[in-house]
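Enquirer: Next one to model:
(chains A and B)
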Amino acid sequence: MSQGAPLRRTFVLAEFAGPEPLFAAARKVRAAGHTELDAHMPYPVHGADEALGLKRSPVPIIALVGGLAGVVSAYLMAWWMNAVDFRINVAGRPFDALPAFVPIMFELGVLFASLAIFVSAIFLFGLPRVHHPVFELDEFRSASVDKFWLSVRTTPDAVAPLREELERAGASYVGSVEGEP
Amino acid sequence: MSVEIRTLAPPVDPLEPGPLILGAPDDGELNRELLEHVYHPRRGWALLFLVAAGGTGLLVLGITVTLLVGIGAWGNNIPVAWAFGIINFVWWIGIGHAGTLISAILLLFQQKWRTSINRFAEAMTLFAVMQAGLFPLIHVGRPWFAYWLFPYPATLGVWPNFKSPLIWDVFAVSTYFTVSLLFWYLGLIPDLAALRDTARGVWRRRVYGVFALGWRGSARAWRHYRIAYLLLAGLATPLVLSVHTIVSFDFAVAQLPGWHTTIFPPYFVAGAVFSGFAMVLTLIIPARKLLGLERVITLRHVETMTKVLLATGLMVAYGYLVEHFIAWYSGNPYEQYVFINRATGPYAPVYWLMIFCNVVLPQIFWFKQARTSLVVIWVASVLINVGMWCERFIIIVTSLHRDFLPSSWSIYKPTWVDWSILFGTIGFFSFLFLLFVRFLPAVAITEVKELRHELAAHGPAAGHDAVGVPLAEEESQS
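Expert: Next up, the predicted model:
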């Protein structure tokens, strides 16, 4: 970690036993003016998007574009290879045989859409990122097991009031870490 | 294990199915219990692993002989030019299909019972497709030129023929493997993070940490994750149907009597699901015991799978019936002869074994006693896979060995190399599977926790999820 770098951020992390107290706390903290909130949960729970004020995911559009790209490129490939560059006469059937190209157009459509979904999801997750400041806190390991964590990105002087507020909201543990965002 | 496992009391209402999760574990307990087999493998694991490694050795031997001698080491020759290579390919691909059905199609239909078995079944898909992929590879005769199957800018200026089902197959199988792998890995990421966070020892944490890619269970990530997972399921669903359809085109598009029939695509897909579910049962019945998963893989799961076996078995039987009817109805003597020859010719014992295993045997699952007896189910599931292998043998060998011209008729016999490659792939499959259950969670822990949360939140009475929520109520909730 570089010393005194302006990019350093403070994260206040609060542990909750279940999703409902976490969402209630998130709404309170948001109402208090904090905007950079995140929740860390062992499994997805309905209500998180609304409590944290998150927008819809763009993954479906990316998947559609990927799928169409796959279908079109499969047709262009089959057409160019079999009807233009290297004509194969199969019992007098047309060289540009769309119905016979459908299986590969379908397969490549699925393949491109799936790759687009996977790559864009990993990118949108902000991964791969093997280290993150929240991992500095050993208690945070429960976030992937059975506890629900709220993380608020803030400035060092705001830590103390926030800690108090989160404890009042029912957090069983509150800690803070520093690091690059 | 410290947890008490309650035995299943017979439900009062016969229409009310048993529980999906036994007892009332909390998330932490589930996490510990489902990772137990990764942290403390049972002693039997090493022994099974050695046996599977021996089987893999047999595969290496068979492939080495094939490479050194050539395809002549196999029993196939004209007129049966296609034999074990394609029989085993179709058999393994079919086995893989149940994994996708469980993980994708049942997810879309919101079948909650899929949750404890989907990871397991997806792993089965991946490993089965790997076995399947080996066969065309070594069957091309010169596997070092296998890349000729793909369109690549060759100096000869030649491109593949995109009107051929064989090239469709190349694209279908490689797409299927890739999509299955992505789907499996995406589902695995949160569980890898749980492994990273609970593992003891720096190295384990590091290795699992690298594969978890830094997953923090962030709500921002879950938002994309849910939709990505659902979309991949939506794409895998038509994909799985297309793969076996295209595999069946390898036969149906040919003019050979016994192959040239329009029932093939649906009949192949039903057969694939049938054999795949049988394989899931063959693996899961011992695994739930050995890995201590009885709490999340209950009798309800096993019983539901036997019902799927019964249903798909009936579809397969219908396929046989239509095939025979159309042969008779066509009035074509060649077509009719193929089917008479199947039942009465030199391969008749294989045919009747197929009829017994695939048509007669699954009928036991009309009875509750058979659906709840693990021994009966296990034996039946093994026999069903034998039957499905026989089906592919019958389709391929009997159609080829006596074709249009009696002077070219001949009898096909597999060699020891054929058998060692077949049994070798079973060994290699088990080898990969044992590695999987040794190092990765066999049950999708994240999804089971989510299911537990849903059951607890929507259960009609507090604590009702302790004995599971009846299916009828689950459905009215969703």
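Enquirer: Can you spell out which helices and strands pack onto the one helix or strand residue B:306 maps to?
Expert: According to DSSP states H and E, residue B:306 maps onto helix B:299-330. Packing contacts for helix B:299-330, counted by 3 or more CB pairs under 8 Å, 6 or more residues apart in numbering or on different chains; DSSP states H and E, involve helix B:264-290, helix B:333-344, helix B:368-372, helix B:374-393. C-beta coordinates here come from the backbone N, C-alpha and C atoms, glycine included.
Enquirer: let's see it at 10 Å
Expert: Judged by 3 or more CB pairs under 10 Å, 6 or more residues apart in numbering or on different chains; DSSP states H and E, the packing partners of helix B:299-330 are helix B:84-100, helix B:264-290, helix B:333-344, helix B:348-355, helix B:368-372, helix B:374-393.
Enquirer: Return the most buried member of those.
Expert: Of all these, helix B:84-100 has the most neighbours on average by mean count of other CB atoms under 10 Å in any protein chain shown, namely a mean of 27.
Enquirer: That one vs helix B:299-330, what angle?
Expert: 130 degrees (axes from the mean of the first three to the mean of the last three CA atoms, to 10 degrees).
Enquirer: Mind checking the pLDDT average for helix B:84-100?
Expert: Mean per-residue pLDDT for helix B:84-100: 90.
Enquirer: CA atoms only for it - export them in CSV, please.
Expert: What follows is helix B:84-100, C-alpha atoms only, in CSV (Å, rounded to 0.1, in the frame of the first residue of the first chain):
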residue,chain,number,x,y,z
PHE,B,84,-17.8,-49.0,-30.9
GLY,B,85,-16.4,-45.5,-31.8
ILE,B,86,-19.9,-44.1,-32.5
ILE,B,87,-21.8,-46.4,-30.0
ASN,B,88,-19.8,-45.1,-27.1
PHE,B,89,-19.9,-41.6,-28.4
VAL,B,90,-23.7,-41.5,-28.5
TRP,B,91,-23.9,-43.3,-25.2
TRP,B,92,-21.7,-40.9,-23.3
ILE,B,93,-23.2,-37.8,-24.9
GLY,B,94,-26.6,-39.1,-23.9
ILE,B,95,-25.5,-39.6,-20.3
GLY,B,96,-24.4,-36.0,-20.2
HIS,B,97,-27.8,-34.7,-21.2
ALA,B,98,-29.5,-35.4,-17.8
GLY,B,99,-27.0,-33.0,-16.2
THR,B,100,-28.1,-30.1,-18.4
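Enquirer: Residues contacting the following helix or strand past that helix, please?
Expert: For helix B:84-100, the following helix or strand on the C-terminal side (DSSP H and E) is helix B:106-108. Identification of contacts with helix B:106-108 by CB atoms under 10 Å, 6 or more residues apart in numbering or on different chains yields B:100-101, B:112-115, B:117-118, B:121, B:183, B:229-230, B:232-234, B:236-237, B:304, B:308, B:447.
Enquirer: Dump the helices and strands packed on helix B:299-330 to a markdown table, plus distance to chain A.
Expert: Output for the helices and strands packed on helix B:299-330, formatted as a markdown table (distance: least, CB to the nearest CB, whole Å):
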| stretch | distance to chain A |
| --- | --- |
| helix B:84-100 | 12 |
| helix B:264-290 | 11 |
| helix B:333-344 | 21 |
| helix B:348-355 | 28 |
| helix B:368-372 | 31 |
| helix B:374-393 | 21 |
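Enquirer: thinking again about what came up before, tell me which of the contacts of helix B:106-108 fall in helices.
Expert: B:100, B:118, B:121, B:183, B:229-230, B:232-234, B:236-237, B:304, B:308, B:447 (DSSP state H).
Enquirer: Going by distance to chain A, which of those residues wins?
Expert: residue B:232 (5.8 Å; CB to the nearest CB).
Enquirer: residues touching the closest residue to chain A within the stretch 1-150 of chain B, list them.
Expert: Per CB to the nearest CB, residue B:27 is where the stretch 1-150 of chain B lies closest to chain A, at 3.4 Å. Listed by CB under 10 Å, 6+ apart, the contact partners of residue B:27 are A:17-18, A:42-43, A:142, A:145-148, B:445-446, B:448-450, B:452-453.
Enquirer: pLDDT score for it?
Expert: pLDDT at residue B:27 comes out at 77.
Enquirer: Strands of chain A, start to end?
Expert: A:9-16, A:37-40, A:148-154, A:173-179 (DSSP state E).
Enquirer: is the worst-scoring helix or strand of chain A on mean pLDDT anywhere near chain B?
Expert: Using mean pLDDT, DSSP states H and E, helix A:48-52 stands out as the lowest-scoring helix or strand of chain A, at a mean of 75. Yes: contact between helix A:48-52 and chain B, assessed by CB under 10 Å from any CB of the partner chain, occurs at A:48-49, A:51-52.
Enquirer: nearest to chain B, of those?
Expert: For those, the nearest to chain B is residue A:48 (4.2 Å; CB to the nearest CB).
Enquirer: is it true that that closest one touches residue A:39?
Expert: Yes: counting by CB atoms under 10 Å, residue A:39 is a contact partner of residue A:48 at 5.5 Å.
Enquirer: circling back: which two from the ones in helices among the contacts of helix B:106-108 end up farthest apart in space?
Expert: Using CB to CB, the two most remote members of these are B:232 and B:304, lying 23.4 Å apart.
Enquirer: Check what pLDDT residue 6 gets.
Expert: Using chain A here. 53.
Enquirer: oops, chain B please
Expert: pLDDT recorded at residue B:6 is 53.
Enquirer: center of chain A - which residue?
Expert: residue A:125 (2.7 Å; CA atoms, centre = their mean).
Enquirer: same for the longest helix along chain A, what does it pack against?
Expert: Ranked by residue count, the top helix of chain A under DSSP H comes out as helix A:98-124. Contact partners of helix A:98-124 among helices and strands, from 3+ CB pairs under 10 Å, 6+ apart: helix A:59-79, helix B:165-198, helix B:219-252.
Enquirer: In that helix, which residues are buried?
Expert: Using 16 or more other CB atoms under 10 Å in any protein chain shown as the test for burial, helix A:98-124 gives A:100-118, A:120-122, A:124.
Enquirer: Quick check: buried residues in the strand or helix carrying residue B:206?
Expert: Per DSSP H and E, residue B:206 falls inside helix B:202-211. Neighbour counts over helix B:202-211 (16+ other CB under 10 Å) mark B:204-205, B:207-209, B:211 as buried.
Enquirer: With respect to chain A, which of those residues is nearest?
Expert: Of all the buried residues of helix B:202-211, chain A sits closest to residue B:209, with 6.1 Å by CB to the nearest CB.
Enquirer: For that closest one, give me its contacts.
Expert: Applying CB under 10 Å, 6+ apart to residue B:209 gives the contacts A:130-131, A:135, B:192-193, B:195-197, B:199, B:202, B:215.
Enquirer: From those residues, keep the buried residues only.
Expert: Looks like these have A:135, B:192-193, B:195-197, B:199, B:215 buried, using 16+ other CB under 10 Å.
Enquirer: Out of these, flag the one nearest to residue B:429.
Expert: residue B:192 (23.1 Å).
Enquirer: Now do the same contact list for that closest one.
Expert: A:144, B:185, B:207-213, B:215, B:440-441.
Enquirer: switch the cut-off to 6 Å
Expert: Counting by CB atoms under 6 Å, 6 or more residues apart in numbering or on different chains, residue B:192 touches B:208, B:211-212.
Enquirer: Export the residues you listed to a markdown table and append columns for distance to chain A and pLDDT.
Expert: Output for the contacts of residue B:192, formatted as a markdown table (distance: CB to the nearest CB, whole Å; pLDDT from 0 to 100):
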| residue | distance to chain A | pLDDT |
| --- | --- | --- |
| B:208 | 11 | 88 |
| B:211 | 10 | 89 |
| B:212 | 8 | 86 |
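Enquirer: related to what we said a few turns ago, so for residue B:347, which of the strands of chain A sits nearest?
Expert: strand A:37-40 (60.8 Å).
Enquirer: which sections of the stretch 301-450 of chain B are below the confidence cut-off?
Expert: By pLDDT under 70, the stretch 301-450 of chain B has no low-scoring segment.
Enquirer: And the residue of it closest to chain A?
Expert: residue B:450 (4.0 Å).
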